[in-house]
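K.L.:
quick one, fold the following:
(4 chains)
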There are 2 protein chains.
Amino acid sequence: MLEAALFLYTESRRLTKGVASRFGLTGPQLAVIKMLEPVGRLSLSELSERIRARNSTVTGIIDRMEREGLVRRRRSSEDRRVVHIELTDAGSKLARKIPVEPFQIFRQVLGELSARDAADLKRILMRLAKRVQQIVSDADEKSAVPNASADDGAK
Amino acid sequence: MLEAALFLYTESRRLTKGVASRFGLTGPQLAVIKMLEPVGRLSLSELSERIRARNSTVTGIIDRMEREGLVRRRRSSEDRRVVHIELTDAGSKLARKIPVEPFQIFRQVLGELSARDAADLKRILMRLAKRVQQIVSDADEKSAVPNASADDGAK
DNA sequence: CAGAAACGTTTCGTGTACGAAATAGTTCCT
DNA sequence: AGGAACTATTTCGTACACGAAACGTTTCTG
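P.N.:
As a prediction, the model looks like this:
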């Protein structure tokens, strides 16, 4: 069971990475392009939130994409702290060429489950998540450490 | 539903990393130490397989741990291509201090599920994994890539 | 309005993570 | 034996990923 969950996770990475490399992109870069395509532009923070990475990480990703001429940085005029990221012509052209399919593959497979299985899965995962959260916050209180946040990269 | 799965994944990373840093380790380093503790020593390849990383990645992890005096490299005498990694005294002392709990937290929570939920979850995840594998290997055939080996899976 | 607090972004240092190529050692074939 | 094929590990170059600290900007508060 843990194996299946792990497989699903590693496979999702393999999938996106595979598709991305066919277009000369990396996984995160693909995510950025597809995130920008429909909305036009996003602030760096909005972008980080959506691809679930820290600002400092996204800065690097955008640096490289800017170097490749895929995106452009533009200072916001309303709030000059903000940087908007937008696709260049080359970037949006590339975005249109990449099929959405790989992002949707898990949604698709989930959609193929029977209604009952889908409901069961949802219910069980929610229960697990809730329980883990409970245990974690208990532990945080006990250790009473001011800073508790931490994530990492390891994929 | 996807959110719950994602939460479980990111939370698992947060947990291990949090515990690891309390002992001056990183996530992967903690994994290595706990992997070595019961068996004494492993070849670098065995280690990579178990922590699900490539040899070239593990080389770096071991380099840093060796620098910290936690592990030792020792050339195998039977097969001189092989390098055994083993804990130093300091390493195994540290290993004994670290509670196993955080690694088991998900197993624990899974164990708290009712027998029926556990069975359902297992069945559904297996089905999803199988289906994804199917789709992926179809795609691989079409693009005519020679190697299509799926990832390992054991834990 | 001035100083403090908050916010958004970048910079810096460390640690993964991977693939490709290089290196060293082993086994297999004839 | 002698080279081809194979295996285990390291080296190299690139890209994430994170937290802490530095900066410039904006907002809050007195």
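K.L.:
what does stretch A:42-52 contact?
P.N.:
Under the criterion Cβ atoms under 8 Å, 6 or more residues apart in numbering or on different chains, residues A:28, A:31-32, A:35-36, A:54-55, A:57-59, A:62, A:76, A:82-85, B:6, B:10 lie in contact with stretch A:42-52. Where you see a C-beta, it was placed from the backbone N, CA and C, and this is true even at glycine.
K.L.:
so what touches stretch A:29-37?
P.N.:
A:16, A:19-20, A:23, A:25, A:42, A:47, A:50-51, A:58, A:61-62, A:64-65, A:70-71, A:85-87, A:91-92, A:94-96, A:98, A:100, A:103.
K.L.:
worst-scoring helix or strand of chain A, pLDDT-wise?
P.N.:
Sorting the helices and strands of chain A by mean pLDDT, DSSP states H and E puts helix A:101-112 at the bottom, at a mean of 64.
K.L.:
which members of the contacts of stretch A:29-37 additionally contact DNA strand D?
P.N.:
Under the cut-off given by Cβ under 7 Å from any atom of the strand, DNA strand D has A:I51, A:I61, A:R64 from the contacts of stretch A:29-37 close to it.
K.L.:
show me which of the residues you listed is closest to A:A119.
P.N.:
A:A119 lies nearest to A:I51 out of these, by Cβ to Cβ, at 29.1 Å.
K.L.:
buried sites along the helix or strand containing A:P38?
P.N.:
For A:P38, the enclosing helix or strand under DSSP states H and E is helix A:27-39. By 16 or more other Cβ atoms under 10 Å in any protein chain shown, the buried positions in helix A:27-39 come out as A:G27, A:P28, A:Q29, A:L30, A:A31, A:V32, A:I33, A:K34, A:M35, A:L36, A:E37.
K.L.:
and if you look at stretch A:68-79?
P.N.:
Of all the residues in stretch A:68-79, those buried under the rule 16+ other Cβ under 10 Å are A:L70, A:V71, A:R72.
K.L.:
surely the last one and A:V83 touch.
P.N.:
What it means is A:R72. No - the pair A:R72 and A:V83 fails to qualify as a contact (Cβ atoms under 8 Å) at a distance of 10.2 Å.
K.L.:
kind regards, and thank you for your time.
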